[in-house]
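Engineer: I would like the atomic coordinates for the input below:
(chains A, B and C)
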Amino acid sequence: MNESVIQQVRTRNPLIHNLTNEVVMNFTANGLLAFGGSPIMAKAEEEAGEMASIADGVLINIGTSTLTELPAMKLAGKAANKKGVPVVLDPVGIGATSFRKDVVKQLLQEVQFTAIKGNAGEMAKLVDIPWEVKGVESVGDGDGKEIAAKVSEMYRTTAVVTGETDFICNEGNVIQNTTGHRYLEKITGAGCLLGSILTACLTTEAPIEDQAFAAVYFYGLAAEYAAAQGHVHGSGSFLPAFIDALSRSVDQLNGV
Amino acid sequence: MNESVIQQVRTRNPLIHNLTNEVVMNFTANGLLAFGGSPIMAKAEEEAGEMASIADGVLINIGTSTLTELPAMKLAGKAANKKGVPVVLDPVGIGATSFRKDVVKQLLQEVQFTAIKGNAGEMAKLVDIPWEVKGVESVGDGDGKEIAAKVSEMYRTTAVVTGETDFICNEGNVIQNTTGHRYLEKITGAGCLLGSILTACLTTEAPIEDQAFAAVYFYGLAAEYAAAQGHVHGSGSFLPAFIDALSRSVDQLNGV
Amino acid sequence: MNESVIQQVRTRNPLIHNLTNEVVMNFTANGLLAFGGSPIMAKAEEEAGEMASIADGVLINIGTSTLTELPAMKLAGKAANKKGVPVVLDPVGIGATSFRKDVVKQLLQEVQFTAIKGNAGEMAKLVDIPWEVKGVESVGDGDGKEIAAKVSEMYRTTAVVTGETDFICNEGNVIQNTTGHRYLEKITGAGCLLGSILTACLTTEAPIEDQAFAAVYFYGLAAEYAAAQGHVHGSGSFLPAFIDALSRSVDQLNGV
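Structural biologist: Okay, the predicted model is just below:
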C-alpha cells in the first residue's frame, strides 16, 4: 500500500464537497474529519456549483435523492470536471427503483466521474449484469472482478466494487483488497463514508490505482483495528472506535 | 414475552421502509440494523411507493415533515396496504401545531395503519382527550389505558401508548409494559427508533399483541441493560451501549 | 462565571426551536437534551412560525439551507421577535458562497437577533473585514476582539466570535473565554450545538453578557473534561464523553 496517499491527505486536509444522503451526513462528516479531510455539504442549487469550484474533490451519493437535488448534483459534478478535480459517484440502491436508475443515468450523461464506487449489486446494475438485490443491500454472489472491469470500461472510469473482497479496476487492471470487518455491514453509511474517503485519496499525487487501493485498504484495516478493541461489544461501541481508528497511522493500525 | 418474535426478526432480516424525520434517520438505521432488520429510506415521491412495494413493512413518522414529503408518505402507506404488509404511524408532535394535525388527518384518511404508536400526549390528541404537551414531549399525567383503547377503537388499529408504563390495545384488550430507562428520554429519537423496531416485529408470524408487546418489552429491557453497564455515565455513553444491547438475545439482556 | 445561568436551564428545560442544518440535527438535539434544554425542530413553512411561538428560544443556523427553507426561518425569527424570546443566528459558511451571504442578508433585514455567533471568518464577513476562509472553516489569524465589536455595533446584537479564544461583545464591552479543546474542531457541528446551548442560556434571567459567557465557558470546560477521560482516544470516543459532560455541573467538570 502506498502510504504517501494517506500522509498527503493528512498534510493537505482536502476540502471535499459531499452531496450525500441525509441518513449519513453526520457520520460522513465526522469520519472524513477523523481521516484528515475537510467536509463541506451544500445541496442548494444556488450554491452547489460555486461550492464545488472551491473544493478539492466532489462526492455524489444518491442515497436519498429527490428530484429537487438532482440539479445541484449535476452542477457540482460539472464544476468539478471544469476545475479538473476528482468527482466520485456512489449509486446507492440503484437496483431498488427505476427512479434511482434514471437519476444515475442522467448524472452519467452529464458528468465524467473519476471513480464509481458501489457494492456488487449496484455496480452490476450499471452494466446490466443480473444480480440479486435486497433493498439497498447487495446479497448475491458473483464475479466482482468482471463487474469492476465492465464498469471501468463502459464509463471510462476507475471502478471500485466493494464486498468481502473489494475489486478495483483501472484501464483493464484489476486489483483486490480483503481488509474489512463484518461490523461495517451493521452501521449505516459505511459504504457512503468510504466514498468520501476515496474522494479525499483521489486528491493526492499518486497513480489512481494506488489512491483507490489506499482508500479501501486503509478503511478495512481501521475497521479490523476498531473491532479488536476490548471495549467493543457490538456495532454501537464499534462506531466511535472506528472513527478513532480512521485518524491513526497505518503503523498504529498494524500494531507496529 | 413471545421470544419467537425477536428470533424471527433476526432470521428474516425484514426490509423496513422508514419514511422518518431527518433528526433520527441515522440513529433509526443503526438501531434497526443492530436489532436485526434492514433499513431503507426513500422520500422522493417518484420512488416511495415502489420502494414500499419491495419492503416487508413501512414506518411513517411525521417528525419533520414538510408538505413536499406528504405525497411520498401516502404512496408508501397505500403500497403497504395493497401488498398486505404492516404499516405503522408515529404522529410525532401532533399536538404542537395545526399543520401536524392536518398531515396526520390526511394520512389516516388514506392509509389503514396496522399500528399507531406515540406518547400519551400525541395519542390523546388523536382522539381529542385533553392533555398537556410541551413541544414534541408529553408532560401530563393521565389514563394511558383509556387513550390506547380509544385510539385502537376509533382507527381500527393496534394502539401503542408509550410512557413510564406502556399500554398496548388491540380489539379491546389492553396489556401493559414497564421495562425502560429514563436515559431513553435523554436521547433524541428513542421513540422514533421504537417505531421502526415495532414495524419489524409486526412482520413476523405471531398474534399482533405478542408482536407489539415483544417490541416494547425488548426495547425497554435493552435500555435497562445498557444503562447498567459500568462505563455508562450519561446519555452520550448510553447511546452506543444501547445500540449494542439491541443486538443481544433476551437471555443475554436478562443476564442468563 | 455565573453558575445560575446553567442551573436555571436545568430547572426550566427551555424549549428551543432549532432551524438548523441536516448534518448536525441529531447531535444538536442530543447535546441540548444532555445540557438541560428541550429541542424541537420544524422546517415546514406551514408550522415554523407556530412552533416558534410556543418556544422559549429560536436558533437559526444556515448550514445547509435551501431557498425553500428561508421562509420558515424568517417566520420563526419574526415569531420570536414578536413574542420577545431570544433568537440566535449562526451564519455557517457565509464566506463560502454568495448564496449564503444573500440568505444571511435577508435574515438580518427581517429579524432582530439577540445574538450572532460564528467563527472569526464568518463574523468578519458580516462586517466586511478581510479574512481567509477554507470551506466552512475559518483558518486565518486576526483580531477577534475587533470583529466582535463591529458585529455587535452594526447589528445591535450580542456578538460571539468563537476560536481558540472566544470574544463576546455586548454594548461595547468585550469579554474573553479560553476554555475548549482541539477535539471540538474534529467533530462536525461543534459550533452548531454551541449555538443551541447559547440560545438555551439566553432564556434565563441574568445579564446577557453573563448568559453568553456561561454558554461558551461551560461548553469549553465540558470539552476539556471529556478529552481528559482515560477511554478517549480520538474524536470518535470523545463525542459520547462530551455529551455526557454537557449534563454535569460546573463543580463536577472542575473535579470539585
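Engineer: mind checking which helix or strand the residue nearest to A:K83 when sequence neighbours are not counted is in?
Structural biologist: Excluding its sequence neighbours, the residue lying closest to A:K83 (CB to CB, 6 or more residues apart in numbering or on different chains) is A:S53, at 5.7 Å. No exception for glycine: its C-beta is placed from N, CA and C like everyone else's. Under the criterion DSSP states H and E, the helix or strand holding A:S53 is helix A:45-54.
Engineer: chain center to that helix: distance?
Structural biologist: Taking the mean C-alpha point of helix A:45-54 and that of its whole chain, the gap between them comes to 20 Å (CA atoms, centre = their mean, to the nearest Å).
Engineer: kindly report the same for stretch A:98-112.
Structural biologist: 17 Å.
Engineer: repeat for stretch A:29-49
Structural biologist: Centroid separation for stretch A:29-49 versus its chain: 13 Å, with CA atoms, centre = their mean.
Engineer: distance of A:I16 from chain C?
Structural biologist: Distance of A:I16 to chain C, given as CB to the nearest CB, to the nearest Å: 9 Å.
Engineer: wait, I meant A:A48
Structural biologist: When A:A48 is compared with chain C (using CB to the nearest CB), they lie 9 Å apart.
Engineer: run a quick neighbour tally on that residue.
Structural biologist: Here the count is done by other CB atoms under 10 Å in any protein chain shown, and A:A48 has 28 residues near it.
Engineer: for it, give me the pLDDT.
Structural biologist: Per-residue confidence at A:A48 stands at 95 (pLDDT).
Engineer: what's the nearest residue to whichever residue of the stretch 51-200 of chain A sits closest to chain C if we skip its chain neighbours?
Structural biologist: Among the residues of the stretch 51-200 of chain A, A:M51 lies nearest to chain C; the distance is 5.8 Å by CB to the nearest CB. Leaving out its chain neighbours, the residue that sits closest to A:M51 by CB to CB, 6+ apart is A:A42, at 4.3 Å.
Engineer: tell me how many other residues crowd A:D128.
Structural biologist: Once other CB under 10 Å is used to define contacts, A:D128 is seen to have 9 neighbours.
Engineer: doesn't it fall inside a helix?
Structural biologist: No. Checked against DSSP: H, G, I helix; E, B strand; the rest coil, A:D128 lies outside a helix; its state is coil.
Engineer: tell me the SS of A:A29?
Structural biologist: helix.
Engineer: quick check: it touching C:V23?
Structural biologist: Yes. In terms of CB atoms under 8 Å, A:A29 counts as a neighbour of C:V23; the distance is 5.6 Å.
Engineer: return every residue with contacts to both of the two.
Structural biologist: The contact sets of A:A29 and C:V23 overlap at A:M41, C:T188, C:G189 (CB atoms under 8 Å, 6 or more residues apart in numbering or on different chains).
Engineer: so what's the residue nearest to A:S235 when sequence neighbours are not counted up against?
Structural biologist: Using CB to CB, 6+ apart and skipping the chain neighbours, the partner closest in space to A:S235 is A:K186 (3.8 Å). Residues near A:K186 by CB under 8 Å, 6+ apart: A:G234, A:S235, A:F238, B:N30, B:L33, B:A34, B:S247.
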